[in-house]
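>>> build the 3D model from these lines:
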Amino acid sequence: METPGPELEVRLTVRQCVGALSSPRDASELTQSLRTLGSYLDETGERCPASERQEFARGHYTRVLQFLVSNLQADWQQLLSLTQHAELWGSLFLRGPPDQALLVLLDCVSSSRPSSGLDRVLDVLERFLQGGRLNVLLWERCQGPPPPESPQLREAILGRLVSLPDIMANCLQHQNRTAFLPPSYYPLLAREMSTALEKTCQALRGGQDCSVTFLAQLLGKTCVQGHSKRLLTELVPRLSSLTRADMVWQRVCWRLLESVPDRWMEAVVTGLVQAVDGPGALSRILGNVVVKNKKTQFVLTHKLLLLQYKYKTPVLRSLLGYLSQDTERRPLLIQVLRALCEAWSGGSAVRHAPLEQQLYLSRALLLSVGLLSDPELLGLRAELLQCMLGGMQCHLDSSVERVRRLGMVVGESLSTRLDPEGSRLQFQYEQDAETRELRSLVFPPPANQPVSEDTPPTDRAASPQSGPGTDLKGREKTDLEPVARLTSKVPRPIADQRSDSELDSDDELPPYDMSADQELSGAPPPRYLRDCLEALATSEDPGKMEVSLQAAEGLIRRNAGTVAEVSVQLVKVLLHLEDRYTTPGFLWLRQRSMVAVTVSDPLPVTEFLTSEFFALNYSLRQRLDILEVLALSAQELSEPTPGKDRPSPRIQSIATTAPLDPCGSSPLHWRRVVEQRIESKTRRFGKGATRPAVSAAPNRFAPVAGHFFFPLLRNYDRYGRHPPAPGSAVGSQTHGTQLCPDLPCGGARGHVSHFFHCDFVA
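Numbers count the residues shown, from 1 in each chain. Predicted structure coming up:
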């Protein structure tokens, strides 16, 4: 007989473990099943051979994780301590294939409601992110050629990695954790991508084939969704420092950007230009992608220069300097210069373009001219002179002073650059920071003073002359010093001024009064309404049942949105709940919880209660409970809700008796002045009630009153005028009628209740 293969053996073992986890006999069987499943994830291979581990990861790992997250509220979860839960249950998510674990965890978060089970899943997901599992996922995608997988699975993994903060925010809302917020997650993702790229470089040096296609797609999808600043601020400085003297790093960065899909290339290139700290870093990271990729070429040579004008001088300097630092890219610089000359000298652009865009074009034009070599400048001399004369004429004809001054400054700078030793144009205008900056752009930086790339990149949307970092630090120091001086003057408390000998004396230690102490319950109270509902419906623990019943009313009144989803199920469980453990105050707690459910969601709950009142197999006690809950709910709904914005009587009386401002624009009539003087000098021994009248508030019971009355009356004749608990039914009808006497159908309900009462007495 042939021995079973690894596929059959793994399938049988997994089936036995899942069956044992579905209904474990004791804690030892539970822990043994979890350890058996965890042995297939042991990388040392001491307990399971490699073939079985591969078969488990390929065909059974995802189903096992889905089984675990689908039984978060199972009773066997309570048999594990916190340490065992982390080592046995949580480690199954942290030791297997990370892509499968991430998909299962995020699907569980998306489909779960707030509960204690969801908290355990969030703990595992937080450990997944902070424990380096993202790096393992990315590195697996970089090893060798891309694995043969479906495009749908690849898109699903990319979507979950990029949109993880959005998924967590939509599901958790105000209960979100810091690790899942964008300021924490995207820098972490950038660090893991950098680590994966570093492993790729080491593998290439060792002769191993690698692929950066997945990293390129992840980079592009993250940038196109608007997170390029958080991602590239963390990633670009590291790439800039690693590519200074390492050609392997440069080739990896070039291949990374070449592999970005065209639909995401614009977002990546735009974010990269803003994140780098100089043209040298941009040249090392981007390479000659602008020559090979038409989308990149359009963005860098046209869109960022001629269509958009929101970037400051450092971004323009990095972009144009990048085009000038390689012989293959120099023709693109000449092409950009011709386009800028045409745009700057056009009369239509001067008349209709915003002033900010004209200033942006002027900066780009002067920077481009400053980057030209002497032979290139000599070849373009005629075109530049024509641009200078035509553009100056259009700017000087403008009626805006700032536009005219802009034409003068650019004309002077161009004439100085075209003919440094000959005659130059000179105009008389007011000097300011803007003109000084424009005049400095036409001259390239000296060779011995390159743009600093060792400092971390600053915010490219701010001007470099403003120095925001220095001013902010100085401002913080100035603001904190007075606080420290004021804090030092606060006197010490009286208790702290006593001598140390009095505090250290232990001659007379008075005992604590422990007469009013109560024994703490072993079961913690539920924090979520669904956990409370499940405990009331299925729990066999007396302590858990008691704390759940005690916390039910508070959870119902605090979670109005959740109550609307489970109101009928909750009131059904409370109606059938029995006092099996002699819980103190059981009837009162159950009644208050049912009233809270009815008040929070009256329509479906009253429909259920009034229909169940005439149903079979209900005891007289349960029918009386239904009528009492309906009566108490109607009474609570009919009471006015206290307004938060009503002024107090004291404030209102002051506001009504305050005189008008004599300096106002509307003078007082003489008769009113006389009446106010007489009123102020008249003494009265009694003025009647001084409290303001209570403002009217809508009756919450009025819109739903019919649902309390008519279902009970509709089924009255069905039972031959002998309904169950008739006296209580009549009392509830009469009491409910008194709570809404002003409704249009109130009189009709009164007559019906009167007939109902007389018929019962007869």
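
>>> any regions of the protein where pLDDT drops low?
For the chain, the stretches flagged by pLDDT under 70 are 1-5, 44-47, 146-147, 422, 444-522, 642-669, 686-694, 716-762.

>>> and the strands in the stretch 551-700 of the chain?
Per DSSP state E, counting those that start in this stretch, the stretch 551-700 of the chain carries no strands over any range.

>>> brain fart, the stretch 201-350 of the chain
Listed from the start of the chain, the stretch 201-350 of the chain has no strands (DSSP E, counting those that start in this stretch) to report.

>>> please enumerate the helices of it.
Using DSSP state H, counting those that start in this stretch, the helices assigned to the stretch 201-350 of the chain run over residues 213-222, 228-242, 247-258, 262-275, 279-286, 289-292, 294-298, 313-324, 330-345, 347-352.

>>> how near is the residue most central in space within the chain to residue 185?
For the chain, residue 169 is the residue whose C-alpha lies nearest the centre (CA atoms, centre = their mean; 3.8 Å). Computed with CB to CB, to the nearest Å, the distance linking residue 169 and residue 185 is 11 Å. In this view, the C-beta of every residue, glycine as well, is placed from N, C-alpha and C.

>>> contacts made by stretch 552-572 with the rest, please.
Residues from elsewhere that reach stretch 552-572 (CB atoms under 8 Å, 6 or more residues apart in numbering): 113-114, 526, 528-530, 532-533, 536, 574, 589, 592-594, 596-598, 600-601, 604-605, 608-609.

>>> buried ones among these?
114, 526, 528-530, 532-533, 536, 574, 589, 592-594, 596-598, 600-601, 605, 608-609 (16 or more other CB atoms under 10 Å).

>>> so the closest residue to residue 203 other than its chain neighbours bridges to which residues?
Sequence neighbours aside, residue 210 is the residue nearest to residue 203 in space, at 5.2 Å (criterion: CB to CB, 6 or more residues apart in numbering). For residue 210, the beta-bridge assignment (DSSP bridges) gives partners residue 143.

>>> residue 210 contacts residue 143, correct?
Yes: with contacts defined as CB atoms under 8 Å, residue 210 counts as touching residue 143 at a distance of 6.5 Å.

>>> give the contact list for residue 418.
377, 381, 384-385, 388.

>>> let's go with 10 Å and repeat that
Under the criterion of CB atoms under 10 Å, 6 or more residues apart in numbering, the contact partners of residue 418 comprise 369, 377-378, 380-381, 384-385, 388, 424, 442.

>>> would you mind getting the angle between the helix or strand residue 439 falls within and helix 313-324?
Applying DSSP states H and E as the criterion places residue 439 in helix 433-441. For helix 433-441 and helix 313-324, the angle between their directions (axes from the mean of the first three to the mean of the last three CA atoms, to 10 degrees) works out to 20 degrees.

>>> helices or strands up against helix 433-441?
Helices and strands touching helix 433-441, by 3 or more CB pairs under 10 Å, 6 or more residues apart in numbering; DSSP states H and E, are helix 313-324, helix 355-370, helix 401-418.

>>> buried residues in the longest one?
For helix 401-418, the buried set under the neighbour-count rule, 16+ other CB under 10 Å, comprises 403-418.

>>> for stretch 308-328, same thing?
Residues 309, 311-325 are the ones in stretch 308-328 that count as buried (16+ other CB under 10 Å).

>>> distance from the chain centre to it, please.
Centre-to-centre, stretch 308-328 and its host chain are 35 Å apart (CA atoms, centre = their mean, to the nearest Å).

>>> distance between the ends of that stretch?
Criterion CA to CA, to the nearest Å; first-to-last residue distance in stretch 308-328 is 25 Å.

>>> check stretch 131-151 too.
By CA to CA, one end of stretch 131-151 lies 28 Å from the other end.

>>> done for today, thanks.
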